[in-house]
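[1] Just need the structure, nothing else, for what follows:
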Amino acid sequence: MPLNAGDAEYGSMSGNGLAGNVDSSETAPLLMPEPDREPVQPWAPLSKGELQAVAGGPGWRKARCYLVLLFWLSWLAILSTAVAIIIYSPRPVVPQLQWWQRAPFFQVEPQLLLQADRLQLNFSVLMEQLPYLKSLGLGALILQGLFGKEMSPLNLNEFSKNVGMLTQIQHLLTASNKANLKVVLDFCDLDLLGSPHGEEVSDPQLNISVTMQHAVRFWMEEGVAGFVICDTDEAYSEKTLLEWRSVLKEFSSVEEERIVVVRQTREFLPLLINSDNVTLVDMVMRSILPHSDHALSAGQVAEAIENHLQTQDQTTWLSWTVGGKASYNLKKLLLVLTMTLPGSPTVQWDEEIHQAQATLPVRLLMFKPLMHVFTGLPQDKDAKHSAVALLTTLSHAKAREEALLYGSFTFLPFNTSSFSGSLNSTSSSPPILAFLRSWGCVHVLIVLNVGPEPHALDPAWAPSLPEAGVFLSSTGMDRLGSTSLYTLKVQPYEAVVIKLFQGGSYS
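    Numbers count the residues shown, from 1 in each chain. Here you go, the predicted model:
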């Protein structure tokens, strides 16, 4: 087939916009020209006058007012919410404690005051030690056993005859007031309902009632801060307590309230509140250990302590004493327990509690030890100083720490299966005991190891407690600084007091 076959010329192309001949193909433009663009105005910011004209418009003014109003309303809402959270959030209310609720009591037995012939009492030794007792953190004295049947505190005629005895008591009251120590008279084991003169009277009950009120008023005028009566006394009745309270009310004030204390010896204590909802007594003195002629074993001590910890009375203000006898190893542990339980601790004098630099009279060294928690301590100076340091540390910690002063109480039972012994087993190692004193976000943990074997705390024992803490005190006075409950190991017969904190916080 010839390449130039046909009428059409080779290379010729017809189509829309294309010429079919050579002339038209050569004269057609290769690129289409672009249309002319409109001129663009150059960008320039608004002038000051233009901005003022735009901003001054009614739309922008309203917008600005609305935004400012929204800002202040939001700020006030946030502030009100914060104030409401602070006001309505639960927080502990600091109670107004009386003097007898803040400071420990110091019980003085008559052996301390006996002269060398052991026939008469001499208060000079005690008066010399009053400033030192105050430095230990003690706040009140309980004079016990000063009055016999022949020298009843209600028989003022006998006191008027024994001028020396009355003068010494007056001097002691004056010296104690100067040392800022209250004095409470113990009327236990006295025949308060006996006839003051020993003769028959036509109306003995009326005579005794008038005499008792007169005697109570007399001692109030002398500066006595209160009285102690036993629940076994025949005079322990609603009638007697109401009469005493009526007299004490005359001498009480906001700064210096006069009190009535009942020493509990029975399991149940009636007549705390009468039918008219009147409180008859201010404080109940209760023993931790039961009375025994011999020293109680570690298991018996642990059982007595646990019974008291599980049955804490939150309505009655208690004053704790050690009470029964315990071995030497448990003396300091019982002191820690007495000083950290809710209430006012009551301790008794011991020959170890005296100024180390002071030279005591020879007759004082002949007395039997008078503080149960320290009876039987060795006579070396280190033990004496340790005992005094422990009492001082605990009393000052109780006055300083709100959790120990009026914090709530929580018993923390241990899982006895994780320990080698229990109270009902024959093992010589009873389980350790613990309780918590809490005030707000501050917690003070008290751990007591009554047994002869060391114990480490189980981390799963109380998972809700903060792990970190700082030692406040311990029976050995050898624990200082921070600690962790996961690494704490309680030694035999040891008690530790730890102030707990949240992790990383030590304030």
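[2] quick one: pLDDT of the residue nearest in space to the middle of the chain?
    The centre of the chain sits closest to Leu404, judged by C-alpha atoms, centre = their mean, with a distance of 1.9 Å. At Leu404, the model reports a pLDDT of 93.
[3] What sits closest to it if chain neighbours are left out?
    Lys398 (4.7 Å; C-beta to C-beta, 6 or more residues apart in numbering). Heads up, the C-betas are built off the backbone N, CA and C, glycines and all.
[4] burial count for the one you found?
    Other residues lying near Lys398 total 23 when counted by other C-beta atoms under 10 Å.
[5] Model confidence for it, exactly?
    pLDDT, Lys398: 92.
[6] where does the stretch 351-500 of the chain dip in pLDDT?
    351-385, 415-429 (pLDDT under 70).
[7] returning to what we had before: which parts of the one helix or strand the residue nearest to Leu404 maps to are buried?
    Secondary structure assigned from DSSP states H and E places Lys398 in helix 381-400. Using 16 or more other C-beta atoms under 10 Å as the test for burial, helix 381-400 gives Lys384, Ser386, Ala387, Val388, Leu390, Leu391, Thr392, Thr393, Leu394, Ser395, Ala397, Lys398.
[8] what's the answer for stretch 431-443, then?
    So stretch 431-443, judged by 16+ other C-beta under 10 Å, has buried residues Pro431, Ile432, Leu433, Ala434, Phe435, Leu436, Arg437, Ser438, Trp439, Val442, His443.
[9] mind checking which helix or strand of the protein has the lowest mean pLDDT?
    Here the helix or strand of the chain ranked lowest by mean pLDDT, DSSP states H and E is helix 362-365, holding a mean of 32.
[10] Tell me which other helices or strands the helix holding Lys398 touches.
    Contact here means 3 or more C-beta pairs under 8 Å, 6 or more residues apart in numbering; DSSP states H and E; on that basis helix 381-400 packs against helix 331-340, helix 402-406, strand 468-474.
[11] so which of the ones you listed is the most packed in?
    Mean neighbours per residue, mean count of other C-beta atoms under 10 Å, is largest over the helices and strands packed on helix 381-400 for helix 331-340, with a mean of 24.
[12] Measure how that helix sits relative to helix 381-400, angle-wise.
    10 degrees (axes from the mean of the first three to the mean of the last three C-alpha atoms, to 10 degrees).
[13] Name the next helix or strand downstream of helix 331-340, please.
    Next element after helix 331-340 (DSSP H and E): strand 346-348.
[14] quick one: the strands in the stretch 1-150 of the chain?
    All strands of the stretch 1-150 of the chain, identified by DSSP state E, counting those that start in this stretch, fall at 105-108, 140-143.
[15] Show me which helix runs longest in this protein.
    Under DSSP state H, the helix in the chain containing the largest number of residues is helix 58-88.
[16] gap between it and the chain center?
    43 Å (C-alpha atoms, centre = their mean, to the nearest Å).
[17] same thing with stretch 223-241?
    On C-alpha atoms, centre = their mean, the centre of stretch 223-241 falls 29 Å from that of its chain.
[18] Go ahead and produce PDB holding the CA coordinates of that stretch.
    Taking only C-alpha atoms (Å, rounded to 0.1, in the frame of the first residue of the first chain), the coordinates of stretch 223-241 have been written out as PDB:
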ATOM      1  CA  GLY A 223      -7.100  25.100 148.600                       C
ATOM      2  CA  VAL A 224      -7.800  21.400 148.000                       C
ATOM      3  CA  ALA A 225      -8.700  20.700 144.300                       C
ATOM      4  CA  GLY A 226     -10.900  17.600 144.900                       C
ATOM      5  CA  PHE A 227     -11.600  14.400 146.600                       C
ATOM      6  CA  VAL A 228     -11.300  10.700 145.900                       C
ATOM      7  CA  ILE A 229     -14.000   8.200 147.200                       C
ATOM      8  CA  CYS A 230     -14.100   4.400 146.600                       C
ATOM      9  CA  ASP A 231     -17.100   2.700 145.100                       C
ATOM     10  CA  THR A 232     -17.100   0.300 148.100                       C
ATOM     11  CA  ASP A 233     -17.500   3.100 150.700                       C
ATOM     12  CA  GLU A 234     -20.900   3.300 152.400                       C
ATOM     13  CA  ALA A 235     -20.900   7.000 151.700                       C
ATOM     14  CA  TYR A 236     -20.800   6.400 148.000                       C
ATOM     15  CA  SER A 237     -24.400   7.300 147.300                       C
ATOM     16  CA  GLU A 238     -26.300   9.700 145.200                       C
ATOM     17  CA  LYS A 239     -27.200  11.800 148.200                       C
ATOM     18  CA  THR A 240     -23.600  12.200 149.300                       C
ATOM     19  CA  LEU A 241     -22.200  12.900 145.800                       C
END
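[19] Show me which residues of that stretch are buried.
    Buried, per 16+ other C-beta under 10 Å, within stretch 223-241: 223-231, 233, 235-236, 240-241.
[20] cool, stretch 489-497 as well?
    Buried, per 16+ other C-beta under 10 Å, within stretch 489-497: Val490, Gln491, Tyr493, Glu494, Ala495, Val496, Val497.
[21] from what I can see the fifth one touches Ser474, true?
    Right, Ala495. Yes. Between Ala495 and Ser474 there is a contact at 6.8 Å, judged by C-beta atoms under 8 Å.
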